[in-house]
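**Q** I'd like to go over a predicted model; first the sequence, then the structure.
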Amino acid sequence: MKTKDLVLMAMFAALTAIGAQIAVPTSLVPFTFQLFFVLLSGALLGSLRGGLSQLVYLGLGIIGLPVFAGGTSGVGVLVGPSGGYLIGFVVAAFLVGAICDVTRSFVGTLMAMVLGVLIIYVFGLAQLMIVTKLAFVPALSAGVFPFIPFDLLKAAIAAGLAERLRPVIFASEISLGAS
């Protein structure tokens, strides 16, 4: 991996950590801005680098840096009610990246991001149900339904931003390779 790749992965891990601090606490799962950076990491970095950037983010939280929502950290967060969403970040960034590796259209990017949101919801909902012992519908009411409008808005904004930033990121790779 090139130095530029490592820097971009570290940058998106840091941006996800910053997004976690832009949070509105709720009873079980906080509203945060993390999802925006998770989706953008996949779209801009591709499957491997996008997924790894989110794995780095999780690793920082696991070792005790206060990068999770509300300045929390540790394995306890990952096994708690909202931990499934965090684990879903890695899978979502990877899948968004895999789709965006083969499509360069706004619609394709947006659909990849909507799929990424769904993946995060699946992981999050599953763990929320296990940890809290909530039935399916109450878990949906607590951990999915309130987030849908905001997450779809974040996905749309991230898709538009990805379309603007992709040429900049790839232009620098082309110009560096041509010299």
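**A** Nice, thanks for sending it over.

**Q** how about the residue positioned nearest the centre of the chain, phi and psi?
**A** Nearest to the geometric centre of the chain sits Val38, at 2.2 Å (Cα atoms, centre = their mean). The phi and psi values for Val38, taken as degrees, to the nearest 10, are phi -60, psi -50.

**Q** name the nearest residue to it, ignoring sequence neighbours.
**A** Leaving aside its chain neighbours, Val38 sits nearest to Phe89 (4.6 Å; criterion: Cβ to Cβ, 6 or more residues apart in numbering). C-beta: built from backbone N, CA, C; applies to glycine.

**Q** do the same with Leu40
**A** Leu40's closest residue in space is Ala158 (Cβ to Cβ, 6+ apart), at 4.7 Å.

**Q** can you find the helix or strand of this structure with the lowest average pLDDT?
**A** helix 148-178 (a mean of 83; mean pLDDT, DSSP states H and E).

**Q** so where does Thr26 fall, helix or strand?
**A** Using DSSP states H and E, Thr26 is not contained in any helix or strand.

**Q** can you report how many residues lie near the residue lying closest to it once chain neighbours are set aside?
**A** Nearest residue to Thr26, sequence neighbours excluded (Cβ to Cβ, 6+ apart): Pro146, at 7.4 Å. Residues lying near Pro146 (other Cβ atoms under 10 Å) number 14.

**Q** one more: Leu165?
**A** Neighbour tally, Leu165, other Cβ under 10 Å: 13.

**Q** once you drop chain neighbours, what's closest to it?
**A** Per Cβ to Cβ, 6+ apart, closest to Leu165 is Leu44, 5.9 Å.

**Q** from the contact counts, what lies against the helix or strand harbouring Phe89?
**A** Element membership for Phe89 (DSSP H and E) is helix 83-100. Contacts defined by 3 or more Cβ pairs under 8 Å, 6 or more residues apart in numbering; DSSP states H and E place helix 83-100 against helix 34-62, helix 75-78, helix 106-132.

**Q** assess the claim that the residue nearest to Val38 and Thr16 are in contact.
**A** Yes: look at Phe89 against Thr16 with Cβ atoms under 8 Å: they come within range, at 7.2 Å.

**Q** and the helices and strands packed on helix 83-100: which comes nearest Thr3?
**A** The minimum distance between Thr3 and the helices and strands packed on helix 83-100 falls on helix 34-62, with 12.6 Å, by Cβ to Cβ.
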